[in-house]
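Trainee: Sequence and predicted structure are below.
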Amino acid sequence: MVHVVVLGAGLGGTIMAYGLRDALRAPHQVSVVTKGSSYAFVPSNPWVAVGWRSQEAVTVNLEPVLRKRDIGLHPQGAKRLHPAEKRIELLDGSSVSYDYLVIATGPELAFDEIEGLGPEQFTQSICHVDHALRAKPAFDALVKNPGPVVIGAVQGASCFGPAYEFAFILEKALRGARVRDRVPMTFVTSEPYIGHLGLDGVGDTKGLLESEMREHHIKWICNARVDKVEAGQMSVSEIAEDGTVARSHTLPFAYSMMLPAFRGVEAVRGIEGLANPRGFILADKHQRNAAFPEIFSVGVCVAIPPLGKTPVPVGVPKTGFMIESMVTATARNIARLAEGKAPDAEATWNAFCLADFGDSGVAFVAQPQIPPRNVNWSSSGKWVHLAKVAFEKYFLHKMRSGQSEPFYEHLALQALGIDKLKAPKIETPAK
């Protein structure tokens, strides 16, 4: 009998636990260590921040689901991983031992790396449902007292899709409130060009997103380094190719949402051989760590080198498509190890994204994620918004029923098989 522990219960950790339970029958044990007992659907956070979704609508109570699937839950949260002892020290002083561990913590949000950044300071965030809930009163205040808005992603960020989503969702919400004409909007990003996305673009994301920006009267600053944020004001340096400051900008704002850089969580950061200097987990082609071969990792916590040198540091995103592939490969590899066999499954690091703009959107598929690619496709239209809404309902249904079958790949293949002017067929669960 083996005991497999999943550290983290976000998108990757939850479906990882479900997948392991499918792959490892009794008497093998599967447990989850996380802080709290709820899962919130992160892609819905932009909607929560403008009041289009409630917390209850996008949150799943994992305790009854995991119990039903015979998966143990330790909601105390992890204080420190002790890999040499195959043990996780929990925040309440107790410990959980494992035979195999899957790290699926997601990131720690590095707001502290820029003065004045983050929901405890002067900018909003949509990285966590609690942040999105805090952003809603700030949105309400903006509607009552319109003023300039600054949205974007800072240096070192590796998740750009939600920044674009929120810029357009906020724009749509302001139009709905009939105050858009009094709200100048600027998009500030560390990307070298609009639509880079940390992937050097996918299909025509540059042209599609620039066109959307112009159509919605959103100005932009690329190669941007956020130097400091103060109450109602952001200092930004626009960096030239040679690394010098090409222009300096002082941007006033009545409302700002900026995505931060990510780093590994404190429980695993600084463990030699396990994590890189930023705290991301080192993994081989089987998602396995070389120094501690009983440890695997999936999701945003996995170390992926940047695409290439850019004037301002830009990270590489890990989309749901890639995470599902990591989960599938890891579940198979641990099941094989439990049977005394060698791991043989490799994740396919492809990217698929639905970026909702409130009433339309942009979608892209990159196979593989890093160019050159076999598939390099992007499209736009109202169907993307409809697909994102349907996907939210479907995925939350999966979470609440304890299902683990892949869905991003199914949706991506559908998207590739359709006419650009037509929506993919999306099957949602019956009410």
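Mentor: Sure, I can see it.

Trainee: these two touch, right, Val265 and Ala104?
Mentor: No. Counting by C-beta atoms under 8 Å, Val265 does not reach Ala104; the two are 10.7 Å apart. C-beta coordinates here come from the backbone N, C-alpha and C atoms, glycine included.

Trainee: remind me which residues of the stretch 301-431 of the chain are low pLDDT?
Mentor: Within the stretch 301-431 of the chain, the segments meeting pLDDT under 70 span 405-431.

Trainee: returning to that earlier point: overlap of the contact sets of Val265 and Ala104?
Mentor: Common contact partners of Val265 and Ala104 (C-beta atoms under 8 Å, 6 or more residues apart in numbering): Cys301.

Trainee: Compare those two and say which one has the larger neighbour count.
Mentor: Legend: neighbour count by other C-beta atoms under 10 Å for Val265 and Ala104, higher for Ala104 (31 against 21).

Trainee: how close does the more buried one sit to Ala366?
Mentor: Going from Ala104 to Ala366 by C-beta to C-beta, to the nearest Å gives 22 Å.

Trainee: Flag every buried residue along stretch 204-218.
Mentor: Neighbour counts over stretch 204-218 (16 or more other C-beta atoms under 10 Å) mark Asp204, Thr205, Lys206, Leu208, Leu209, Glu212, Met213, His216, Ile218 as buried.

Trainee: Actually, stretch 74-83.
Mentor: His74, Pro75, Gln76, Ala78, Arg80, Leu81, Pro83.

Trainee: what helix or strand does Gly201 sit in?
Mentor: When elements are defined using DSSP states H and E, Gly201 is found to belong to no helix and no strand.

Trainee: pretty sure it contacts Gly195?
Mentor: Yes. Gly201 is within contact range of Gly195, at 5.3 Å (criterion: C-beta under 8 Å).

Trainee: More neighbours: these two, which one.
Mentor: Gly195 (27 against 23).

Trainee: State the pLDDT value of the nearest residue to Gly299 once chain neighbours are set aside.
Mentor: Nearest non-adjacent residue to Gly299, counting by C-beta to C-beta, 6 or more residues apart in numbering: Gly12, 3.1 Å away. pLDDT for Gly12: 93.

Trainee: List phi and psi for Gly12.
Mentor: Gly12 has phi and psi values of phi -70, psi -40 when expressed as degrees, to the nearest 10.

Trainee: Isn't it up against Ser325?
Mentor: No. Gly12 lies out of contact with Ser325 (C-beta under 8 Å); the separation is 10.8 Å.

Trainee: Look at the two and report which has more neighbours.
Mentor: Ranked by neighbour count (other C-beta under 10 Å), Gly12 and Ser325 place Gly12 first, with 29 against 21.
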